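**Student:** can't give you the sequence, but here's the structure:
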Ligand SMILES: CC(C)(COP(=O)(O)OP(=O)(O)OC[C@H]1O[C@@H](n2cnc3c(N)ncnc32)[C@H](O)[C@@H]1OP(=O)(O)O)[C@@H](O)C(=O)NCCC(=O)NCCS
């Protein structure tokens, strides 16, 4: 199911068929360093992750993390979407891409689309994002997208605080 499209990208719901890509993405050094180890080591783990994470979120909230693929050829390049965590009052935006797709504006393009989707489909007026304090690429991306640093937060189970960024969303399109 396609959620939205941008000039160069198709953003759609994840299914268990995406397990090979998720297995790869979640074991990228950049993902392990900046987001964390989700313990996904084989296709069965990746399938379980998709079902208990994104797919469960679609069912509960109507949104979740989505697959980002290139319009040209349909190749998957990353994930991007919305999360509702118990520990945060606001919905947060999440994103991660495979290294060969970095620095081409794809993350920017997919998050711009995600913010419009959050506003127009889910009528959210405020959105947040969390990053590790040393994730310069992610912090610069959030600032470029109009987010401002709000505060440090300690997420459940974490030993170190993360940076919480926030942004207001404009009025929904008529
Ligand atoms: C963070 C991440 C999503 C950026 O993806 P990307 O596709 O390279 O980003 P874009 O090409 O859309 O760049 C948008 C902006 O991000 C910032 N940025 C991206 N990579 C950067 C880098 N290596 N150093 C500094 N700033 C960077 C810049 O502000 C850039 O704007 P500019 O091109 O005008 O300078 C990517 O590095 C990634 O997947 N990292 C691993 C997972 C992760 O950390 N996710 C975020 C968790 S909070």
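**Tutor:** Happy to help now that I have it. Everything quoted here is computed from the prediction, not taken from an experiment.

**Student:** against the ligand, how distant is the most centrally placed residue in the chain?
**Tutor:** Here the mean C-alpha position of the chain is nearest to the C-alpha of residue 94 (Cα atoms, centre = their mean), at a distance of 2.4 Å. From residue 94 over to the ligand the distance is 7 Å, taken as Cβ to the nearest ligand atom, to the nearest Å. For the C-beta atoms, the positions are set from N, CA and C on the backbone; glycine is no exception.

**Student:** now do the contacts for the closest residue to that residue other than its chain neighbours.
**Tutor:** Ranked by Cβ to Cβ, 6 or more residues apart in numbering and with sequence neighbours excluded, the top spatial neighbour of residue 94 is residue 83, at 5.3 Å. By Cβ atoms under 8 Å, 6 or more residues apart in numbering, residue 83 lies in contact with 57, 64, 65, 91, 92, 93, 94.

**Student:** quickly list what residue 83 is bridged to.
**Tutor:** For residue 83, the beta-bridge partners under DSSP bridges are residue 92.

**Student:** contacts for stretch 86-97?
**Tutor:** Looking at stretch 86-97 with Cβ under 8 Å, 6+ apart, the contacting residues turn out to be 25, 28, 30-31, 35, 63, 65, 68, 77-85, 106-107, 110-111, 114-115, 118, 122, 124, 126-130, 138, 141, 153, 155-156, 164, 166.
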